[in-house]
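Student: Requesting a structural model of the entry that follows:
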Amino acid sequence: MSFVNFFEKKLLFSLGRHLWNIAGVSGFIALLTGVILFAEGNIMEQAKTKEIFIGKKQLITDKKLEESTSDLLTYEQWKNKQNIAVDNYSEYSKYKEPFEKKLNDLVFERENQNNKYENYLTLVASRNDLKKSRAIASPFVILSGLGVIASSSISSVIFSIERNQRKEEN
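Tutor: Residues are numbered from 1 along each chain as shown. Model prediction:
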């Protein structure tokens, strides 16, 4: 038996059918991957509300800002309460300073919360864009998997027919 006959009949035809079966399994895996990509790509993420994202108790609202200065007296109220006859606005400024500091801190914290929430919304939008691109690419993955399955099935059939039609040589 020559080397060519040995290679063709013993190696190529006997191993070829098995290799094409393995290729068919990989095509099936590609098909399933495409289906999963399609399903995952069509389920969009819904963004949480600001109240849920930050927390209902931690969220700084306009009402909390108003409550932080609700105990602050106007200059006239403060002057009447202190029983001061002359204008002494510098003392009132010292009285008012802690209220303003608290208000400024709350405003700064609210801006931080707004920035965090905007960043979160941007991330959700980018993840949804990525999902859309996966859904767009999934038909190509599905078709390549089907193509591999079809070609491996044809090749495996051809090798099986050849094996069954072969005359035994002693």
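Student: pLDDT weak spots in this protein?
Tutor: Filtered on pLDDT under 70, the chain yields the residue ranges 1, 13-14, 85, 166-170.
Student: let's go with 80 and repeat that
Tutor: 1-18, 62, 65, 68-73, 75-92, 156, 159-160, 162-170 (pLDDT under 80).
Student: Please identify the helix or strand for the residue nearest the centre of it.
Tutor: Geometric centre of the chain, nearest residue: Arg127, 3.6 Å, by CA atoms, centre = their mean. Using DSSP states H and E, Arg127 sits in helix 89-165.
Student: centre of the chain versus that helix, how much separation?
Tutor: On the basis of CA atoms, centre = their mean, to the nearest Å, helix 89-165 sits 3 Å off its chain's mean C-alpha point.
Student: which secondary structure elements does that helix contact?
Tutor: Of the remaining helices and strands, those touching helix 89-165 by 3 or more CB pairs under 8 Å, 6 or more residues apart in numbering; DSSP states H and E are helix 13-41, helix 50-54, helix 62-68, helix 75-82. (Glycine included, C-beta is placed from N, CA and C.)
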